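[1] For reference, the sequence and a predicted model appear below.
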Amino acid sequence: MMTVTMATLACLPLPAWCASIEQGNFDIRRASVGQFAGILEVAVTESGQAGVVIEGEDRVLDGFRLQQVDGELQIRAPQVDGAVSVITGDIRGNGEVTINGRRYGPDDPLPEPTRITLTLVRGTALDILDLTGEARIGDLAAPLHVGLRSGTVTAGRIGDADIRIDGGGQVEIAAIDGNARLDIPGSGSIRVTGGTIGELVVGIGGAGSIDVMAPAASATGSIRGAGTILLGNVATTPRIEAGMAGRVMVRGGR
């Protein structure tokens, strides 16, 4: 196991979060980001090595932990007690606002959301666990696992997919080439535009929608709450249980 020493780089005194952590030259097969609240950008390159830049307030950056274990880069955000707010604009008006336990007056600059820019070589698997906020992911062409508390996730072409929305949010994936497990215990929507899926497992426990336009070899699952599952061409008869409040529709296939 290799533990990475983090360097905090000072920058010009303009934004309130004016500090960053920057590390690179990771030779990895997998990356994982856990307990993160903020904005995650995942850029994909054809060759080279992985790197990461984290920008945010000093008190937040101090709680981040990075380590490389064998072929995996692990990024862990600091634990936040209570509700988490990701601020993307001025919501204060002329009064005060409390964000994550800290009060901001009319003349105080509101905090920018913490940002992670992660650079991965195409083919590197990615796990995103307990995300609150926004993630934008390029064409990984590798397995992607997402656990979304609330917010939005967009991704390009990936391999195997394991996507779960626990609170509420939206996930849009351009293409899945591999097996896929799509689950909404909370509420929200998952949409897959293209690709070629082998085994597709879908589930809605709360309220939401799953729309898979890509063809699949098989489809199984259930709707235990109120929701809609819309499938494209399925080579075999889908086996999806739906209660009175659920609907399953298939565009083509059996």
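    That came through fine. Numbers count the residues shown, from 1 in each chain.
[2] burial measure for I116, as a count.
    Neighbours of I116 under the rule other C-beta atoms under 10 Å: 22. In short, each C-beta sits where N, CA and C put it, glycine included.
[3] which secondary structure element contains it?
    Under the criterion of DSSP states H and E, I116 resides in strand 115-121.
[4] who touches that strand?
    Strand 115-121 has contacts (C-beta atoms under 8 Å, 6 or more residues apart in numbering) with 24, 31, 33, 36, 38-56, 75, 126, 140.
[5] Filter those down to the buried ones and hand me the PyMOL line.
    In PyMOL syntax, the buried subset of these is picked out as below (16 or more other C-beta atoms under 10 Å):
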select buried, resi 31+33+36+38+39+40+42+44+50+51+52+53+54+55+56+75+126+140
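[6] circling back: with just CA atoms, put the strand holding I116 into PDB.
    Presented in PDB, the C-alpha positions along strand 115-121 are these (Å, rounded to 0.1, in the frame of the first residue of the first chain):
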ATOM      1  CA  ARG A 115     -14.400  20.400  -7.000                       C
ATOM      2  CA  ILE A 116     -12.500  17.200  -8.000                       C
ATOM      3  CA  THR A 117     -10.900  17.000 -11.400                       C
ATOM      4  CA  LEU A 118      -9.900  13.400 -12.000                       C
ATOM      5  CA  THR A 119      -7.900  12.300 -15.100                       C
ATOM      6  CA  LEU A 120      -8.000   8.600 -16.000                       C
ATOM      7  CA  VAL A 121      -6.600   6.600 -18.800                       C
END
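[7] before we move on, back to that, which ones among the contacts of strand 115-121 lie within strands?
    Those of those mapping onto strands are 24, 31, 33, 38-45, 50-55, 75, 126, per DSSP state E.
[8] Just give me the neighbour total for A135.
    24.
[9] could you check the angle strand 30-34 makes with the helix or strand containing it?
    Taking DSSP H and E as the definition, A135 sits inside strand 125-137. Strand 125-137 runs at 60 degrees relative to strand 30-34, counting by axes from the mean of the first three to the mean of the last three C-alpha atoms, to 10 degrees.
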